[in-house]
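Q: when you get a sec, could you give me coordinates for this:
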Amino acid sequence: MKQIDRLRSLGLFDARVPRYTSYPTAPVFTPQVGATDQAQALAALDPDVPVSVYIHIPFCERLCWFCACRTQGTQTLAPVESYIGTLEQELALLKDTLPPGLRMGRMHWGGGTPTILPPALIHRLAQAVKAVIPPTEDCEFSVEIDPTMVDRAKIAALAAEGMNRASIGIQDFDPVVQEAIGRLQPFDVTRACVEDLRAAGIRSLNADLVYGLPHQDAARLNDTVAKVLELAPDRIALFGYAHVPWMSKRQKLIDEATLPHEVERYQLAELAARRFAEAGFDSIGIDHFARPDDGLALAARTGHLRRNFQGYVDDRCATLIGLGASSISRLPTGFVQNAPATPAYVQRIEAGDLAGARGHLMTGDDLLRARAIEMIMCDFRLDLDALREEFGPEADGLRVEMTRAAERFGDLVTLGDDTLAIPPEGRALTRMVARLFDGYTPDGARYSQAS
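A: Modelled structure (predicted):
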């Protein structure tokens with residue numbers, strides 16, 4: 001309890017801070033940056049440097065109540081097929097914009113539910129992307145999988161198109177918790193999905209879990225962790241549930257009285273982390289775990305771990321091209337987000353324009369702070385020597401924030417001559433430490449719990 005009391009006194013259980021999957025964070029984006037900036041940055045890309053591609057599929061047959069992603073429900077394939085047609089139009093616009101010879105080092109399909117696509121649409125979309133941005137020989141193609149919305153034919157189609165990593169949505173296996181979040185997913189169905197993926201030759205499986213869900217307690221989460229370990233995933237993401245009903249109206253269906261309190265949330269996360277460590281997983285950043293021979297663990301050990309909208313990644317591509325409604329591109333000049341609402345996205349593409357609707361152009365100070373925050377989030381260590389090599393003497397300007405962190409968090413951070421480190425006992429505070437290096441305080445921004 002001493003540790004919990006210390007964390008409470010430092011404000012962990014009251015803090016609301018960004019997750020820092022980007023810097024600056026999305027509330028900083030403005031409509032003054034859009035399709036014109038997007039086109040200029042895409043046209044200026046170096047064709048010899050591979051890029052990552054993200055494709056957003058915003059459709060689900062069921063809308064899980066806990067989810068805050070940009071999604072919409074559908075019971076027919078008609079809007080899905082129409083949307084694929086719009087993606088093909090967006091790809092045609094990209095082809096006219098990108099420099100010839102550009103190649104794709106990573107591709108990720110997210111949503112929504114990408115596995116809502118039948119085999120024919122899987123082939124159609126994958127081939128349309130590869131026709132515009134051909135994959136490199138070692139391209140990683142990952143897909144978010146809903147075990148209740150996939151079968152062997154869909155898995156075979158994805159594997160045939162090059163999928164070699166699958167991210168399996170689980171959240172929690174307890175039926176009471178599942179009922180409370182509107183996501184019924186039996187363990188047997190999930191296990192059959194995993195077996196089919198392995199049989200199809202998928203070499204890397206990621207399991208996505210969520211702590212802090214309604215009715216979740218130590219016994220229920222412990223049972224879920226045991227079942228997850230039976231599935232033998234290569235990576236695990238353990239996300240804290242973000243209750244943001246002002247942003248995601250479906251979350252109003254969740255009874256707030258059934259949510260674990262802040263200290264209980266922290267204890268649930270600690271329980272799961274301890275179980276994964278005992279099972280031989282390396283702890284990666286603040287909420288991921290990986291087997292020691294997995295690429296994510298290797299990236300963490302060698303200083304190549306990165307953080308983006310998908311969480312922690314070992315992706316070394318500096319540019320991320322986002323396709324589809326609400327997707328965000330990370331370009332050399334900054335960030336550009338496509339129109340978030342599907343109708344607005346479709347309207348822009350059908351008008352013959354790229355879909356960028358808001359964004360942020362990076363300044364030199366932004367780039368410096370972005371890398372510093374990424375160091376803190378990925379390595380639990382800020383290294384001024386490394387920052388000077390990349391940004392010059394301007395990096396020394398961060399000493400003010402480093403000193404402030406030491407004053408604010410005491411011995412839960414370690415301040416050296418040119419370093420700031422967060423020891424294991426202070427890592428629950430990582431997002432709060434990163435927040436001290438954030439140069440923006442956007443009006444009206446509301447973030448998720450730090451714990």
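
Q: I'd like the distance between the residue nearest to Pro135 when sequence neighbours are not counted and Thr419.
A: Using C-beta to C-beta, 6 or more residues apart in numbering and skipping residues adjacent in sequence, the residue nearest Pro135 is Met104, 4.9 Å away. Just so you know, the C-beta spots here come from the backbone N, C-alpha and C atoms, and that holds for glycine as well. Met104 sits 36 Å away from Thr419, going by C-beta to C-beta, to the nearest Å.

Q: what about Glu390, how many residues close to it?
A: 10 (other C-beta atoms under 10 Å).

Q: is it true that it touches Arg371?
A: Yes - taking contacts as C-beta atoms under 8 Å, Glu390 lies within contact range of Arg371: 6.8 Å.

Q: note down every partner strand of the longest strand seen in the chain and its orientation.
A: Taking DSSP state E as the criterion, the chain has its longest strand at strand 135-145. Neighbouring strands of strand 135-145 in its sheet, by DSSP bridges, are strand 104-111 (parallel), strand 165-171 (parallel).

Q: hmm, who's touching that strand?
A: By C-beta atoms under 8 Å, 6 or more residues apart in numbering, the surrounding residues in contact with strand 135-145 are 50, 103-111, 113-115, 126, 158, 161-169, 193, 197, 204, 206, 315.

Q: in ChimeraX, select just the buried ones from those.
A: To isolate the buried members of these in ChimeraX, using 16 or more other C-beta atoms under 10 Å:
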select :50,103,104,105,106,107,108,109,110,111,113,114,115,126,158,161,163,164,165,166,167,168,169,193,197,204,206,315
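
Q: sec struct for His304, please.
A: At His304, secondary structure determined by DSSP: H, G, I helix; E, B strand; the rest coil is coil.

Q: what packs against the one helix or strand Ala277 maps to?
A: Counting by DSSP states H and E, the element that carries Ala277 is helix 262-278. Judged by 3 or more C-beta pairs under 8 Å, 6 or more residues apart in numbering; DSSP states H and E, the packing partners of helix 262-278 are helix 2-9, strand 204-211, helix 218-231, strand 235-240, strand 282-284, strand 288-290.

Q: distance between the longest one and the chain's centre?
A: What it means is helix 218-231. Centre-to-centre, helix 218-231 and its host chain are 23 Å apart (C-alpha atoms, centre = their mean, to the nearest Å).

Q: buried residues, that helix. List them.
A: Buried residues in helix 218-231 (16+ other C-beta under 10 Å): 220-221, 224-225, 227-229, 231.

Q: got JSON lines for these, with distance to Asp385 and pLDDT too?
A: Converted to JSON lines, those look like this (distance: C-beta to C-beta, whole Å; pLDDT from 0 to 100):
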{"residue": "Arg220", "distance to Asp385": "46", "pLDDT": "97"}
{"residue": "Leu221", "distance to Asp385": "41", "pLDDT": "97"}
{"residue": "Thr224", "distance to Asp385": "42", "pLDDT": "98"}
{"residue": "Val225", "distance to Asp385": "39", "pLDDT": "98"}
{"residue": "Lys227", "distance to Asp385": "45", "pLDDT": "98"}
{"residue": "Val228", "distance to Asp385": "39", "pLDDT": "98"}
{"residue": "Leu229", "distance to Asp385": "40", "pLDDT": "98"}
{"residue": "Leu231", "distance to Asp385": "42", "pLDDT": "98"}
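
Q: OK, contacts around Gly322?
A: Neighbour list for Gly322: 54-56, 328-329, 337-338 [criterion: C-beta under 8 Å, 6+ apart].

Q: swap the cut-off to 10 Å and go again
A: Contact analysis of Gly322 by C-beta atoms under 10 Å, 6 or more residues apart in numbering lists 38, 52-56, 108, 110, 309, 328-331, 335-338, 355-356.

Q: and Gln32, which of the three is it?
A: coil.

Q: neighbours around it, how many?
A: Per other C-beta under 10 Å, the neighbour tally for Gln32 reads 10.

Q: surely it touches Val336?
A: No - using C-beta atoms under 10 Å, Gln32 is not in contact with Val336, being 11.4 Å away.

Q: quickly list what's touching both of those two.
A: What both Gln32 and Val336 touch, as defined by C-beta under 10 Å, 6+ apart, is the set 358-361.

Q: in strands only, show me these.
A: 358-361.

Q: can you report how many residues lie near Ala41?
A: Count around Ala41 with other C-beta under 10 Å applied: 23.

Q: who does the strand or helix carrying it touch, helix- and strand-wise?
A: Per DSSP H and E, Ala41 falls inside helix 35-43. Other helices and strands packing on helix 35-43, by 3 or more C-beta pairs under 10 Å, 6 or more residues apart in numbering; DSSP states H and E, are helix 78-97, strand 320-323, strand 328-331, strand 334-338, strand 356-361.

Q: report the angle between the axes of that helix and helix 78-97?
A: For helix 35-43 against helix 78-97, the angle by axes from the mean of the first three to the mean of the last three C-alpha atoms, to 10 degrees is 60 degrees.

Q: note down every partner strand of the lowest-mean-pLDDT helix or strand in the chain and its orientation.
A: One helix or strand of the chain scores below all others by mean pLDDT, DSSP states H and E: strand 72-73, with a mean of 78. Sheet pairing for strand 72-73, assigned by DSSP bridges, gives strand 59-60 (parallel).

Q: for the strand it pairs with, which outside residues touch it?
A: 67, 69, 71-74, 77, 79-80, 83, 111-114, 116-117, 146, 149, 342.
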